[in-house]
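> Here is the input, now give the coordinates:
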Amino acid sequence: MVKTSTINGDGIQELLDTLDYQAELLELKADFEGSAEGTVLEAQLVDGRGPVASVLVQEGSLSTGDFIVSGRGFGRVRDMVDERGVKVQNAGPSTPIALSGLDIVPDAGDKFYIVDTLKAAENAAEECRILQRERTLAQPKVTLDNIFDRMQESGTRELPLIVKGDVQGSVETLNTILPRISTDEVKVVIKHAAVGGISESDIALAEASGAIVVGFNVTTSSKARGLAEQRGVDFRLYEVIYDLTDDVEKAAAGLLDPELKLEVKGHAEVREVFKVSKVGMIAGCYVTDGSVERNLQIRVTRGGIVVESDRRLEQLKRFKDDAKEVKSGMECGMKIEGYDDIKVGDVLECYKTIEVARTL
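As a prediction, this is how the structure comes out:
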């Protein structure tokens, strides 16, 4: 056993020397030739790059332009970045890199392989997707609030969930924790779990499988919200993982307390950003739906991921005049209290927190 400390660096060199010695003693070797194979360590959606997978090459040589398949994802390696953030063209065994080019975010722990053609990669990924779809079972519509009523009517004892998260690590954690909440009365079953915002396909899957959609540190598109309302699908958004697990636990135990629910008032897209001396950054916005109101809560989403939340809309202006409310289809200037990291393309969600009594 080697004692180490990441705070002051104690034992790091000793650990490296021990690993090197063990590798020589056990004659651990890797094949530097041929097509690359390895494992996905982490994956997420990155603005401007799309799905990005952090992988460890274990065999062969990986190069940009290779055709790759990893679980349900496939594509062509577009670019690779090493652990120092430097772009590389090739990577050999024991090399950790972050690569882009996959069509979807793979799961942590998935193996990746290099194949000869894009068609071969697509076929392998499609087989994996078919197997996943076959595991999706249709169940009656259900919400966290009426789960026990549905159980009594149908005799089922399942609480089906669809889980969406900001990064693969969050999804994997929820994938592990939530099924453990199962009790003698209720079995928590995750029908689907993935990285990214809640989409129309998630709502459609929830309707087909009778699942509740829970999102951690993500948001929903306006089309997804409309579809959920139209089809009666229950979705809930959380920013603290313990709040999410607590709600699922209370639903399983039949102990739902009054909840703090976010009532979304409207959304505004940032078109320009201005810096005003002694004031800070002002976002020039276009209200895309609903309305925005001064002094309500604001959260900032970027690429469907929540990057800042629970802020207050400090100033709201129409041209040079102060405004209390700006409605859909109008432009305005917005100043968020204590937050200046606004970027063009961000979506600002205006909401207020209300207390809603929940019953089973």
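> Show me the shaky parts of the stretch 51-200 of the chain.
The stretch 51-200 of the chain contains residues with pLDDT under 70 at 135-157, 184-185.
> how about residue 354, secondary structure?
Put simply, residue 354 is strand when judged by DSSP: H, G, I helix; E, B strand; the rest coil.
> tally of neighbours for it?
10 (other Cβ atoms under 10 Å). C-beta: built from backbone N, CA, C; applies to glycine.
> Contact partners for it?
The contact partners of residue 354, by Cβ atoms under 8 Å, 6 or more residues apart in numbering, come to 260-261, 263.
> quick one: which of those has the most company?
residue 261 (14 neighbours).
> if I look at it, how far off is residue 231?
According to Cβ to Cβ, to the nearest Å, residue 261 and residue 231 sit 19 Å apart.
> again with residue 330
For residue 330, the distance to residue 231 - Cβ to Cβ - is 30 Å.
> Ok, residue 313 next?
Distance, residue 313 to residue 231, by Cβ to Cβ: 31 Å.
> Pull the distance from the strand or helix carrying residue 223 to the chain's centre.
Counting by DSSP states H and E, the element that carries residue 223 is helix 222-231. Put simply, helix 222-231 sits 19 Å off its chain's centre (Cα atoms, centre = their mean, to the nearest Å).
> buried ones in it?
Buried residues in helix 222-231, counted by 16 or more other Cβ atoms under 10 Å: 224-225, 227-228.
> Mind putting the residues you listed into JSON lines with pLDDT?
Formatted as JSON lines, the buried residues of helix 222-231 follow (pLDDT from 0 to 100):
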{"residue": "224", "pLDDT": "88"}
{"residue": "225", "pLDDT": "89"}
{"residue": "227", "pLDDT": "87"}
{"residue": "228", "pLDDT": "88"}
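> Next, the contact list for residue 268, please.
The contact partners of residue 268, by Cβ under 8 Å, 6+ apart, come to 283, 285-288, 292, 326, 332, 334, 347-348, 350.
> want to throw those into a markdown table with secondary structure?
Converted to a markdown table, these look like this (three-state DSSP):
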| residue | secondary structure |
| --- | --- |
| 283 | strand |
| 285 | strand |
| 286 | strand |
| 287 | strand |
| 288 | strand |
| 292 | strand |
| 326 | strand |
| 332 | strand |
| 334 | strand |
| 347 | strand |
| 348 | strand |
| 350 | strand |
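> I would like a PyMOL command selecting only the buried ones among the residues you listed, please.
Remark: buried members of the contacts of residue 268, expressed as a PyMOL selection using 16+ other Cβ under 10 Å:
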select buried, resi 283+285+286+287+292+326+332+334+347+348+350
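> Tell me which two in the contacts of residue 268 are the farthest apart.
326 and 347 (15.1 Å; Cβ to Cβ).
> Just the helices from this protein, written as ranges.
Using DSSP state H, the helices found in the chain span residues 12-25, 118-134, 147-154, 168-177, 200-209, 222-231, 241-253.
> any residues touching the fourth one, and which ones?
Under the criterion Cβ under 8 Å, 6+ apart, residues 40, 42-44, 105-109, 163-165, 190, 193-195, 214, 216-217, 241, 244-245 lie in contact with helix 168-177.
> what's the angle from the helix holding residue 223 to helix 200-209?
20 degrees (axes from the mean of the first three to the mean of the last three Cα atoms, to 10 degrees).
> What is helix 222-231 packed up against?
helix 200-209 (3 or more Cβ pairs under 8 Å, 6 or more residues apart in numbering; DSSP states H and E).
> Go through the helix it packs on and flag the buried ones.
Within helix 200-209, the residues that qualify as buried are 202-203, 205-209, counting by 16+ other Cβ under 10 Å.
> Show me what it is packed up against.
By 3+ Cβ pairs under 8 Å, 6+ apart, helix 200-209 packs against strand 158-165, strand 187-195, strand 212-216, helix 222-231, strand 235-238.
> Great, nothing more from me.
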